[in-house]
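K.L.:
Got a predicted structure here, sequence first:
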Amino acid sequence: MKANYLDELNEQQREAVIHINGPLMIVAGAGSGKTKVLTTRIAHLMQNGVDAFNILSLTFTNKAAREMKERVERILGGNEARNLYIGTFHSVFARLLRAEAHRLGYPNDFTIYDTDDAKSVLKTIINELNLDDKHYKPNFVYNRISAAKNSLMGPEEYQHDYYVQQEDMRANRPLIGKIYDMYAKRCFKNGAMDFDDLLFKMYVLLKSFPEVLHKYQHKFRYIMIDEYQDTNPAQYEIIKLLGAVHENICVVGDDAQSIYSFRGATIQNILQFEKDYDDARVVKLEQNYRSTKSILNVANEVIAHNKGQIEKNLWTDNADGDTIKLVRTMTDNEEGKFVADTIAEQKLRNHYDNRDFVILYRTNAQSRSFEESLRRKAIPYRIYGGVSFYQRKEIKDFVAYLRITMNTRDEESLKRIINYPVRGIGKTTIEKTVVFSNEHNITMWEVLERAKEFGFKGGTLEAIDGFVTMIRSFQAMLGKHNAYDISVNVGKSTNIVKELFNDKTTEGLARYENVQELLNSIKEFTETPDEEGELLDKSLGSYLQQITLLTDADQGGNEDSDVVKLMTIHAAKGLEFPVVFTVGLEETLFPSGMSINTREELEEERRLFYVAITRAKARLWLTYANSRYRFGNLVQNEPSRFLEEMPEKFIDRSYAGGGAIRNAFGGGGNGGGWGAGGGSNMFDKMQKKAPASPQNTQPRPAPKPTTGPASTHVPTPGFAPDDPAEMEPGMQVEHQKFGFGTIQSMEGAPNNRIATVVFPKGGGEKKIMLNYAKLRIVR
DNA sequence: TTCAGCACGGTTTTT
DNA sequence: CCGTGCTGAA
């Protein structure tokens, strides 16, 4: 143990760390050393005689949990830290449920359904009820059920809650309660829990079994919760139960960074804390150690536009630093190119490594243009998020075998693999099996086991028996072999590995590699030495329990490889980078068009913007594009309203081309001279202004906006851009996308000229930034 | 029973 | 634009 660990803290930090008994709330501004305080506090508790076995520390991401564990180990030295319970809400509760689930009638080796599994079950149910899945969209229904569970509302209550029923009636979807009920029963029958069940059932367990509650209340005598502003009512109630005896609850949060209300999180929890525990000590960490003054000032000013907040004053001793750069480009592709170019330039000019950069966006779909431009410049990068490794079809198929081996009740997995690889169990057979299982109230697996009884014969019976025998052979390995041995056997016996190997198409090759990677990861899991992870259990069940809770961001051990990182702002919470690009700052994109209907929604978007800004230590670029491709066609966007909320003093707008930019902010904030002429973006505006009626499926716009067939122009062979310096009004030019046009006028600084060009076939008048777009002089 | 070809619909954000 | 799901032919 480092003896001087208290010396490295400022006064407030120290105050938080040395508070041992009783409730404590730490309001921790961005970059104020929150993780340091939490980890030091754990060490301090242990130094003062608290047993590691009695400490529970909950985080939101596996990444945060891992980091916390590592840092505690570093402070403590030795190996006591391994006895701490540190993990995400979901993984910790999954682990506890794995010990207790039988009390609720679930197998202890219950399957964890990810979002896709859950939606698939919902879809089956919706079809069984003969409902139209275009009206009862699985996605919508799932969100509804998820919200109910996060508020601890079961199917019964849901169907009898007046307010909820009114909502569903108004949405013209009165049967959601019925679907919820069937869904819950189906999951139970399948021996499966979805993500929300891990919280919901945990609560039910503690509430229904006093002896269980008592056990864990005394085990977890000290509880710490990170990112408390992102907890939902279910999490809140569980914590309250667990902490009720000792009240040694320490929560850390920042109301300004609450960005998960869509997942049921409520900022109320943090505001409520002092009321729940009237002797609660509150400590505020207000000194920011991360960012320059410029960055922090901009952040503070932006967040000041939100109403209700906990009073605090975040300040820093750091240098002023560079101004924030605001950059406008014509298209999303140019935005990508600009960022890649700037990264290359900054690497040279300021000696940054790739790992110093992050590109942050609102939606995963935005990553594409950056990938392309980075690849073109040969800058290594890595995308976090998006389609997770474990969501790939080939991986899900393989994992389905492992799941069914552990839990034969799991119909979702059974249906996936019953005829994969093809073994002659077709649609008809599967349907019959489902019917028999419903008629006799047994699982599909049991029907298959007794196939002969149920009248299957000939080739079908043989196929079924072969399948059953194979799964049983996997099950026979369970007690004696670890997850890896079983998986290798699954790969061989099912022929999956060989089949993929023989597929020589590009996709086939990728799939083969993915399955190999899966096997490698299982191997790694089984071979990781005990002192590293808390999971001493190398069984298949233990492996399956954790992978479903793994995010893409958690994968791949090479955390510190030298690459540029790309991720959503949500995924970036808790991280910091020397250089940050926050991109796509446009209305309808950021703030998202889905979240501008209420003040609450908009304020959450603003907090998200705040999170993005405060990730930056030294340099920050904010970019937006005049137009971008969405669903394959070009749409125009106005600059994000957030950009107008920033103090001029710290912003360098001229970076993108002087007067023209300011122009855009000029006339009534409604994008002055920039838009491609004509009514092209009228449609967008009308849609935006239309009263929010999410329930009425909006008719597709029959006539496409006539922005002009931007992509139909084929550049003349040998198209090469000419030097912008040579261009002047009156010239005929060719643009790669917009075709031929005439330069009307020029503006902007000499090294960043902007031409107004009329393209008769390319959508009329456009402003072209010559440094980014390329024009060829025709004459 | 399977696979190819097309139509359609979908974009927040994550455990 | 891209992936999914449905339809129809072998």
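P.N.:
That came in fine, so what should we check first?

K.L.:
List phi and psi for A:S151.
P.N.:
Note on A:S151: backbone dihedrals following degrees, to the nearest 10 are phi -100, psi 10.

K.L.:
Just give the nearest non-adjacent residue to it, would you?
P.N.:
A:P233 (5.0 Å; C-beta to C-beta, 6 or more residues apart in numbering). For the C-beta atoms, the positions are set from N, CA and C on the backbone; glycine is no exception.

K.L.:
Tell me who's in contact with that neighbour.
P.N.:
Taking C-beta atoms under 8 Å, 6 or more residues apart in numbering as the criterion, A:P233 is in contact with A:N150, A:S151, A:L152, A:G264, A:T266, A:N269.

K.L.:
May I ask which of the residues you listed has the most neighbours?
P.N.:
Within the contacts of A:P233, most neighbours by other C-beta atoms under 10 Å means A:N269, with 23 neighbours.

K.L.:
if I pick it, what's in contact with it?
P.N.:
A:Y228, A:Q229, A:T231, A:N232, A:P233, A:Y236 are the contacts of A:N269 under C-beta under 8 Å, 6+ apart.

K.L.:
Next SSE downstream of the strand or helix carrying it?
P.N.:
Taking DSSP states H and E as the criterion, A:N269 maps to helix A:268-276. Of the helices and strands lying after helix A:268-276 in sequence (DSSP H and E), the nearest is strand A:281-285.

K.L.:
Run the angle between that next one and helix A:268-276 for me.
P.N.:
140 degrees (axes from the mean of the first three to the mean of the last three C-alpha atoms, to 10 degrees).

K.L.:
For the stretch 151-300 of chain A, which residues are neighbours of DNA strand B?
P.N.:
Listed as neighbours of DNA strand B in the stretch 151-300 of chain A under the rule C-beta under 7 Å from any atom of the strand: A:F195, A:D196, A:I259, A:Y260, A:F262, A:R263.

K.L.:
Find the closest residue to DNA strand C in chain A.
P.N.:
For chain A, the residue closest to DNA strand C is A:G632, as judged by C-beta to the nearest atom of the strand, at 2.7 Å.

K.L.:
what about that residue, neighbour count?
P.N.:
A:G632 has 6 nearby residues by other C-beta under 10 Å.

K.L.:
measure it to DNA strand B for me?
P.N.:
Using C-beta to the nearest atom of the strand, to the nearest Å, we find A:G632 at a distance of 6 Å from DNA strand B.

K.L.:
next one: A:I145
P.N.:
For A:I145, the distance to DNA strand B equals 12 Å [C-beta to the nearest atom of the strand].

K.L.:
and that residue, what helix or strand is that in?
P.N.:
Under the criterion of DSSP H and E, A:I145 resides in helix A:138-150.

K.L.:
okay, the residues of the stretch 151-300 of chain A next to DNA strand B in TSV with distance to DNA strand C and secondary structure next?
P.N.:
Converted to TSV, these look like this (distance: C-beta to the nearest atom of the strand, whole Å; DSSP: H, G, I helix; E, B strand; the rest coil):
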residue	distance to DNA strand C	secondary structure
A:F195	20	helix
A:D196	22	helix
A:I259	27	coil
A:Y260	26	coil
A:F262	22	helix
A:R263	23	helix
